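In: I'd like to go over a predicted model; first the sequence, then the structure.
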Amino acid sequence: MLWNRGGSEINVAVNGVTLSGFEYTGNDEACAILNYGTKNSNLTVTDSNFTENQIGVCSNSDSSVDATNNWWGNASGPVEADQEYTAYGNKITGTGDIFYNPWLLEPVEKGKKPTTYDKTLALKDGWTLISVDKTVTDDTAWKGTNDIVENNDDENNDDAADILAYRYTGTEYGYAEVLYPEYMSIIDAYYVKTNGGGGVGLKYSTSAPPAMVNKTLSAGWNLISCADKSDAYTLLSQLRSTAAGTAAITNLVSPGSYNQFTGSKSVALGVESDWNAIKDEDGKITLNPFDGYWVYMNAAKSYGVIPD
């Protein structure tokens, strides 16, 4: 059963409802959709647009709401009170679970099937540091809210980009622009800039993952990611010194103002006690595959990950 309780929201208290292809807009005093009660189950809201609502979806039910593959008014996805990342879309709230990832990067157009993704990432206004956990295909996309005007370019320039992305290539050459999101690698990280927020839609390859993905780290600072590995001690032990005078990592830094999941960290890894500290449960460092990390090497060395 769907009904209106006197406000502007749609109220749901029935099993197995799917709401698809709707436009929820202008509910500035209430939720666009309110799900509540203990008997609700399997509510699905999909392929719909949420724009200019005080709250897009509110669930106070014991059951969950599947709200994936919707447009939330911004490519960064919906705003949730306890989310770890920055988003600028309509809010979701309540005591019940609302699953919204992946979301849509563009509004649903009437009569057209929207482009969907396997996973979405939010991009902050300004710079965000991102990476991927699996090999992605050329159906991967990124989208910014507004054009980015660089170097006093004309704001009405039709060629203005809504995304700028760069990969750090080492101390000799610095940063290189990344034009296409499908070029993202599981062991690299990327600084991505938007004007007003944005999102990345990942489409994962169905092919078997490579046996190993490698990159050569140069002497000095390098920017890496962790693929699908989360334990810093296990992953970075390959960069430890094997004997006096050999190439080794000396520092690990997570730039928390750019990373959205790990937070700010700076750890010395020069001596045995440093490694013991991050191996111990109290000091254990957990990496996130969608963040990036700076590592300092005292000499060049190969770094590799075996994907699951």
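Out: Thanks, I have it.

In: Show me what the biggest strand by length in the chain packs onto, helices and strands only.
Out: Assignment by DSSP state E gives strand 190-202 as the longest strand of the chain. Counting contacts by 3 or more CB pairs under 8 Å, 6 or more residues apart in numbering; DSSP states H and E, strand 190-202 packs against strand 119-123, strand 126-130, strand 141-146, strand 164-168. For every residue, glycine as well, the C-beta is placed using N, CA and C.

In: partners of the longest one in the sheet?
Out: Strand pairing for strand 141-146, using DSSP bridges, gives strand 190-202 (antiparallel).

In: name the helices or strands packed onto the helix or strand following the partner strand?
Out: Tracing the chain past strand 190-202, the next element assigned as helix or strand by DSSP states H and E is strand 213-217. Packing contacts for strand 213-217, counted by 3+ CB pairs under 8 Å, 6+ apart, involve strand 301-305.

In: Not counting residues beside it along the chain, what's closest to Lys193?
Out: Leu164 (4.3 Å; CB to CB, 6 or more residues apart in numbering).

In: ugh, typo on my part, it should be Thr216
Out: Computed as CB to CB, 6+ apart, the closest residue to Thr216 that is not its neighbour in sequence is Ser302, at 5.5 Å.

In: how much space between the one you found and Val108?
Out: Here Ser302 is placed at a distance of 46 Å from Val108 (CB to CB, to the nearest Å).

In: These two: who's more crowded?
Out: Ranked by neighbour count (other CB atoms under 10 Å), Ser302 and Val108 place Val108 first, with 21 against 11.

In: check contacts around that one.
Out: Contacts for Val108 (CB atoms under 8 Å, 6 or more residues apart in numbering) come out as 21, 47-49, 71, 114.

In: Between those residues, which sits nearest Gly94?
Out: Comparing the contacts of Val108 against Gly94 with CB to CB places Ser48 closest, at 17.8 Å.

In: out of everything not next to it in sequence, what's closest to that closest one?
Out: Nearest to Ser48 is Phe22, by CB to CB, 6+ apart, at 4.3 Å.

In: phi, psi of the one you found?
Out: phi -100, psi 160 (degrees, to the nearest 10).

In: Buried deepest among the helices and strands packed on strand 190-202, which one?
Out: strand 119-123 (a mean of 25; mean count of other CB atoms under 10 Å).

In: Note down every partner strand of that one and its orientation.
Out: Paired strands of strand 119-123, with direction, are strand 190-202 (antiparallel) (DSSP bridges).

In: Report the inter-axis angle for the partner strand versus strand 164-168.
Out: Angle, strand 190-202 to strand 164-168, by axes from the mean of the first three to the mean of the last three CA atoms, to 10 degrees: 120 degrees.

In: Report the backbone C-alpha coordinates of strand 190-202 in CSV.
Out: The C-alpha trace of strand 190-202 is given here as CSV (Å, rounded to 0.1, in the frame of the first residue of the first chain):
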residue,chain,number,x,y,z
TYR,A,190,44.8,9.5,-9.0
TYR,A,191,44.2,13.1,-8.0
VAL,A,192,40.8,14.1,-9.5
LYS,A,193,39.4,17.6,-9.5
THR,A,194,35.8,18.7,-9.8
ASN,A,195,33.9,22.0,-9.5
GLY,A,196,30.9,21.2,-7.2
GLY,A,197,31.5,17.5,-6.7
GLY,A,198,31.1,14.5,-8.9
GLY,A,199,31.3,10.8,-9.2
VAL,A,200,33.1,7.8,-10.7
GLY,A,201,31.2,4.8,-12.0
LEU,A,202,33.3,1.6,-12.1
